[in-house]
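Visitor: kindly generate the corresponding structure for this input.
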Amino acid sequence: MSPRSPFLFLSEADMIAAGVDDAARSVRVADEVFRLLHRGDYLMGGPRRNSHGLVVSFPKWSPFPNMPLDGPDRRFSAMPAYLGGRFDLCGVKWYGSNAENRSKGLPRSVLTVMLNDKETGEPLALLAAGRLSSSRTAAVPAVASRYLPRRRPRRVAVVGCGEINRQVVRALLSQHPDIETIVCHNRSREKAEPFAAQIVANGFSGTVEIADTPHECVRDADLVTVAASRTAPLRIEAASFSPEACILLSGPMQSDDALWTSSTVIWDHVPLHQDYIADARVSGDTAAGFAAQIGGPLYALADRGRIAAIDRGVDLGTVMVEQRSPAAGRTVFVSSGMAVFDVAWGADLLQSARALGIGTPLELWGTDAADETDPASVPAEAAR
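Guide: Predicted structure coming up:
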């Protein structure tokens, strides 16, 4: 019998028991990932090895009655990656998204992560990844908040009161205990009110406010976290922000050109955005390709020569490793999501689950007595 790697399934409850809600820990792991990205000890998909992932989108009409049709936030996506360092394994995040899920009592996106042995390809773990994905998404801007602001943040603006910003607030508070005021805005106040109440219920002892407009929300804020829905266009003018604000974009936001041209822009990872731009150029509709991305307004400005080309940009890993001082004035951090963060956070939680005896063992191969012969290696004559 050849040795085989154990294969574990971790449910959402298992992930909680393994520590997925530990915001400070998720930020530490994300910090490690940025340093590995800077070193180049990673791979993602696509010919340039920097692709966000492969998306299955749906047509507006089909002659086939069972084929899914286009709708708000409707897609399937596979995001493969290898990450080195202490993680040293491969993985893929696979998810389906549909805004209509909420009417069925489901989250908009239903996510899983598979982790695999880098040599054999064997699955090591299948992880329920709803919390994993949102907490690692939140950890990324929280890492940025450690290195980009010029002063310790006291006032935080939260634009978009959904799951991502719920996690971002937790992550920011884990890094900045001196935060005094959190101001929340959502297009529907009915969603902002329980969001704000939850911040207080979670133990925040400062002031929590609700703003009726994005302008009121971000005014005078040291840190601004934007994670509003893609289904509702968001626009905030440059003049609304404090001159020293650090703006953390985890979701799309429109603004006037002055915001982008007068701010220091820090990218999560420049090669990722180079890949987005290359894909947009070969799509047949460059403008639409740009518009689909969080960094799209900046891509368009670079195309028009209003700002420097993206490949001359600075990313967070460079700021961290080179220990660059925070820039004067306003800073915008653009984060678009990379599977390396899912792989790292998943691997870290898997390590805890194994140590704690959490999870359900799965048998990929069948019983020990099963035939181990690879059918592909059997000569055709023998198979007849």
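
Visitor: could you list the buried residues of the helix or strand where residue 348 lies?
Guide: For residue 348, the host element (DSSP states H and E) is helix 339-356. Neighbour-count burial for helix 339-356, counted by 16 or more other Cβ atoms under 10 Å, picks out 339-350, 352-353. All C-beta spots, glycine's among them, are computed from the backbone N, C-alpha and C.

Visitor: again, but for stretch 251-271
Guide: Neighbour counts over stretch 251-271 (16+ other Cβ under 10 Å) mark 251-253, 255, 259-260, 263, 265-271 as buried.

Visitor: in JSON lines: those residues, plus pLDDT.
Guide: JSON lines is the format used below for the buried residues of stretch 251-271 (pLDDT from 0 to 100):
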{"residue": "251", "pLDDT": "94"}
{"residue": "252", "pLDDT": "94"}
{"residue": "253", "pLDDT": "96"}
{"residue": "255", "pLDDT": "97"}
{"residue": "259", "pLDDT": "97"}
{"residue": "260", "pLDDT": "97"}
{"residue": "263", "pLDDT": "97"}
{"residue": "265", "pLDDT": "97"}
{"residue": "266", "pLDDT": "98"}
{"residue": "267", "pLDDT": "98"}
{"residue": "268", "pLDDT": "98"}
{"residue": "269", "pLDDT": "98"}
{"residue": "270", "pLDDT": "98"}
{"residue": "271", "pLDDT": "97"}
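
Visitor: please report the distance of residue 100 from residue 23.
Guide: Distance of residue 100 to residue 23, given as Cβ to Cβ, to the nearest Å: 30 Å.

Visitor: now do the helix or strand where residue 132 lies: which elements does it pack against?
Guide: Using DSSP H and E, the element containing residue 132 is helix 130-147. Applying 3 or more Cβ pairs under 8 Å, 6 or more residues apart in numbering; DSSP states H and E, one finds that helix 130-147 makes contact with helix 12-18, helix 23-39, strand 109-116, helix 163-175, strand 246-249, helix 316-321, helix 339-356.

Visitor: what angle sits between whatever helix or strand comes next after the third one and helix 339-356?
Guide: Looking back up the chat, that one is strand 109-116. Sequence order places strand 123-128 as the next helix or strand after strand 109-116, per DSSP H and E. Angle between the axes of strand 123-128 and helix 339-356 is 100 degrees (criterion: axes from the mean of the first three to the mean of the last three Cα atoms, to 10 degrees).

Visitor: in a markdown table: the buried residues of stretch 251-271, plus distance to residue 314 and secondary structure.
Guide: Putting the buried residues of stretch 251-271 into a markdown table (distance: Cβ to Cβ, whole Å; DSSP: H, G, I helix; E, B strand; the rest coil) gives the following:
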| residue | distance to residue 314 | secondary structure |
| --- | --- | --- |
| 251 | 22 | coil |
| 252 | 21 | coil |
| 253 | 20 | coil |
| 255 | 20 | coil |
| 259 | 17 | helix |
| 260 | 14 | helix |
| 263 | 12 | coil |
| 265 | 8 | strand |
| 266 | 6 | strand |
| 267 | 7 | strand |
| 268 | 11 | coil |
| 269 | 11 | coil |
| 270 | 8 | helix |
| 271 | 13 | helix |
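
Visitor: just checking the distance from the helix holding residue 132 to the centre of its chain.
Guide: Its chain's average C-alpha position is 7 Å from that of helix 130-147, according to Cα atoms, centre = their mean, to the nearest Å.
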